[in-house]
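Chemist: 3D model of this:
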Amino acid sequence: MKYKIVRKIHFCYGHRLMDYDGKCAHAHGHNGILEIELSAEELDDRGMVCDFGDVKEQVGSFIDEKIDHRMLLRGDDPLVPVLKEMGEKVFIMKENPTAENIAKLIFGEARSRGLPVVAIRLWETPHAFAEYREED
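Modeler: Purely as a prediction, here's the structure:
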């Protein structure tokens, strides 16, 4: 049996989608809720998959430093130079900053920090989330 834990982190971000014909083509913001799912076959010496505080510290520090209260934009978005010139904080992504791509970004960051992450769910609204997971 696998053990599983989930840690939530709340953060705010703005974005807009390029090559998109809908409301999200315009700059707007979200109060996102991130769910980080971690799993292990065995518990560590403390009886844990991972300490909830360690998850918050590792992933939360990335979110706080890089994407919380920032505009997440694709690199070729014409808003990038304008916002930078105004002194606004912008996080540049290679892909469109969709909930799916943001979830994948955070998954990669959590994995690079050695966390046993299996899935990231980003609730963009109270009614809709995107999930990124790598299959076994």
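
Chemist: use CA for all of it now, contacts and neighbours both
Modeler: Fine.

Chemist: and residue 97, what element?
Modeler: Per DSSP states H and E, residue 97 falls between elements, in no helix or strand.

Chemist: which residues touch it?
Modeler: By CA atoms under 8 Å, 6 or more residues apart in numbering, the contact list for residue 97 reads 15, 16, 17, 72, 73, 74.

Chemist: what do you get for residue 68?
Modeler: 11, 12, 13.

Chemist: go on, residue 58?
Modeler: Contacts for residue 58 (CA under 8 Å, 6+ apart) come out as 110, 113.

Chemist: now the strand or helix carrying it - C-alpha only, CSV.
Modeler: Per DSSP H and E, residue 58 falls inside helix 52-62. This file holds the C-alpha atoms of helix 52-62, laid out as CSV (Å, rounded to 0.1, in the frame of the first residue of the first chain):
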residue,chain,number,x,y,z
PHE,A,52,3.9,19.2,5.8
GLY,A,53,6.1,22.0,6.9
ASP,A,54,8.9,20.9,4.6
VAL,A,55,6.5,20.8,1.6
LYS,A,56,5.3,24.3,2.4
GLU,A,57,8.9,25.5,2.8
GLN,A,58,10.2,23.9,-0.4
VAL,A,59,7.3,24.6,-2.8
GLY,A,60,6.0,27.7,-0.9
SER,A,61,9.3,29.4,-1.2
PHE,A,62,9.3,29.0,-5.0
